[in-house]
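Student: 3D, please:
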Amino acid sequence: MVWTDNSRRVFRNVFTNAVHIADHFYVIQRANLAADQVRRRVQQEKYGHRGRKHDPLFRGRRLPVTAHDRVSAKAQAKLQSILDNGDPNGEVALAHRIKEQLRSFYACDNYDVAQERLQEIIAAAIAETSPEEVQKLGATLLNWSEEILNYPKDKLSNGVTEEQNNTIKRVKRIGYGFRNFHNYRIRVLLTAGKPHWQLLQSVNPK
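Tutor: Numbering: from 1, shown residues only. Presented below is the predicted three-dimensional model:
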């Protein structure tokens, strides 16, 4: 689902019986964006300029937005050192922690546990002591909490649709565009695999 109130209103009015789920990819993407925004602001406030190669927060700019379980022990030690030297008020560390807690939320198989964990995350994010960027993230999570909490029930996402869209775009890009829609459609079906050959014959112009 696209993260706009207008799109949500359209979905609710058109698909009245459908269960609306906020795709976990976009939820984590928002959390990563908030963490990166905090890092950029702290960098600017501490050094008075944008990140440079010798600045701790700039050198390790990818670590706060990388999944904790994908970071080696050496990289984790580097992240901690960066936060100790470049994050005087612990704002980047807090944003990173909120992001990781949100990732752990998606590992919950029990709905009640997931609901309680999301409430705790939102409460920590919207607290007055949290950075402004994290507070905005918390407000978004609160606004979309119903759609977010639908994920632990069915574990569904629009990954399949995204993969199909990428396939279609890739075919169009490789072909430098198609003047004939029928040829374009056939090429997409062939690329996607397992084409319906009778259908291909029916759409192929004589």
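Student: I'd assumed Leu33 was in contact with Lys136.
Tutor: No: the criterion here is Cβ atoms under 8 Å, and Lys136 misses it with Leu33 at 9.9 Å. All C-beta atoms are positioned from the backbone trio N, CA, C, and that covers glycine.
Student: and stretch 158-173, C-alpha only, in PDB?
Tutor: Extracted C-alpha coordinates of stretch 158-173, given in PDB (Å, rounded to 0.1, in the frame of the first residue of the first chain):
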ATOM      1  CA  ASN A 158       3.000  -6.800  -2.400                       C
ATOM      2  CA  GLY A 159       6.400  -8.300  -3.200                       C
ATOM      3  CA  VAL A 160       5.000 -10.500  -5.900                       C
ATOM      4  CA  THR A 161       3.400  -7.500  -7.600                       C
ATOM      5  CA  GLU A 162       6.600  -5.500  -7.300                       C
ATOM      6  CA  GLU A 163       8.600  -8.300  -8.900                       C
ATOM      7  CA  GLN A 164       6.100  -8.400 -11.800                       C
ATOM      8  CA  ASN A 165       6.300  -4.700 -12.300                       C
ATOM      9  CA  ASN A 166      10.100  -4.800 -12.300                       C
ATOM     10  CA  THR A 167      10.000  -7.600 -15.000                       C
ATOM     11  CA  ILE A 168       7.700  -5.500 -17.200                       C
ATOM     12  CA  LYS A 169       9.900  -2.400 -16.800                       C
ATOM     13  CA  ARG A 170      13.000  -4.400 -17.500                       C
ATOM     14  CA  VAL A 171      11.600  -5.800 -20.700                       C
ATOM     15  CA  LYS A 172      10.600  -2.300 -21.800                       C
ATOM     16  CA  ARG A 173      14.000  -0.900 -21.000                       C
END
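Student: give me the contacts around that stretch.
Tutor: Residues outside stretch 158-173 that contact it (Cβ atoms under 8 Å, 6 or more residues apart in numbering): Met1, Asp23, Phe25, Phe178, Tyr184, Arg187, Val188, Thr191, Ala192.
Student: please tell me how far the third one sits from Leu63.
Tutor: Using Cβ to Cβ, to the nearest Å, one obtains 20 Å as the distance from Phe25 to Leu63.
Student: neighbour count for these two, which is higher?
Tutor: The residue with more neighbours, out of Phe25 and Leu63, is Leu63; 20 against 12, by other Cβ atoms under 10 Å.
Student: ok, which stretches of this structure are helices?
Tutor: 5-14, 24-47, 56-59, 73-86, 91-105, 111-125, 132-143, 145-149, 151-154, 159-174, 181-192, 197-203 (DSSP state H).
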